[in-house]
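Novice: Starting from these lines, generate the structure:
(chains A and B)
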Amino acid sequence: EAGVTQFPSHSVIEKGQTVTLRCDPISGHDNLYWYRRVMGKEIKFLLHFVKESKQDESGMPNNRFLAERTGGTYSTLKVQPAELEDSGVYFCASRGPAETQYFGPGTRLLVL
Amino acid sequence: RKEVEQDPGPFNVPEGATVAFNCTYSNSASQSFFWYRQDCRKEPKLLMSVYSSGNEDGRFTAQLNRASQYISLLIRDSKLSDSATYLCVVRPGGGATNKLIFGTGTLLAVQP
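Specialist: Numbers count the residues shown, from 1 in each chain, chains lettered A, B, ... in the order given. Sure, this is the predicted structure:
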């Protein structure tokens, strides 16, 4: 069974530019989560989709972040415009009916 | 105060040693508890869930004390391959999101 995949693995952009991260969950998993780890801090929850609906977006830092999951399959997380403090590792996780969340390898974002 | 607190380490131990990690959480209504393992520049992976009665998986033993809001992980007969960051993770109660709250992680380095 294929795991959670994320693209790109790395992204280096300049402040003010736009970046779009993609996550493909495990096939059949209705629940999709985005998390972020900034340097020196713990991994923090950003938001949760159930199929195509946002169940909880309480962790989104501000309105420069936009997440979508059209069709309830893959999800994108867009940062526009990117700021220096957005640098970090963005993890996606998916979950089926059981409790376990399976994480993708992450996208390492560096904003210069 | 962080929702989940861990000693960041590093813990440097020789092969064969027994090592214990501790974690405290602030939300007394938290419902589920986990230890995740994260290798360098990789995604977090579930090591084991933690139950009130305590549970064991091979060389790993996890315990939960709800009254003290304290979680522990014991690793016996440490192997070189156990070197990683161990993340204490809590699922808060309430709502349907099942989001996870992470500690900063404890770094373990097993020396030959």
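
Novice: C-alpha from now on. contacts and neighbour counts both.
Specialist: Noted.

Novice: contacting residues for the residue of chain A found nearest chain B?
Specialist: As assessed by Cα to the nearest Cα, chain B sits closest to A:Glu42 within chain A, at 4.3 Å. Each residue near A:Glu42 by Cα atoms under 8 Å, 6 or more residues apart in numbering or on different chains is listed here: B:102-105.

Novice: Show me the strands in the chain, by range?
Specialist: Defaulting to chain A. A:5-7, A:10-13, A:19-24, A:31-37, A:44-50, A:53-56, A:65-68, A:75-79, A:88-95, A:102-103, A:107-111 (DSSP state E).

Novice: hmm, I had chain B in mind actually
Specialist: B:4-6, B:11-14, B:19-25, B:32-38, B:44-50, B:55-57, B:60-65, B:70-75, B:84-91, B:101-102, B:106-111.

Novice: Arrange those strands in a markdown table, one row each, with mean pLDDT as further columns.
Specialist: Putting the strands of chain B into a markdown table (pLDDT from 0 to 100) gives the following:
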| stretch | mean pLDDT |
| --- | --- |
| strand B:4-6 | 95 |
| strand B:11-14 | 96 |
| strand B:19-25 | 95 |
| strand B:32-38 | 95 |
| strand B:44-50 | 95 |
| strand B:55-57 | 93 |
| strand B:60-65 | 96 |
| strand B:70-75 | 96 |
| strand B:84-91 | 96 |
| strand B:101-102 | 96 |
| strand B:106-111 | 96 |
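
Novice: Take those strands and write them to CSV, including distance to chain A and mean neighbour count.
Specialist: Below are the strands of chain B laid out as CSV (distance: least, Cα to the nearest Cα, whole Å; neighbours: other Cα atoms under 10 Å in any protein chain shown):
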stretch, distance to chain A, mean neighbour count
strand B:4-6, 9, 21
strand B:11-14, 17, 16
strand B:19-25, 14, 20
strand B:32-38, 9, 22
strand B:44-50, 6, 19
strand B:55-57, 17, 14
strand B:60-65, 17, 19
strand B:70-75, 17, 20
strand B:84-91, 9, 24
strand B:101-102, 6, 24
strand B:106-111, 11, 20
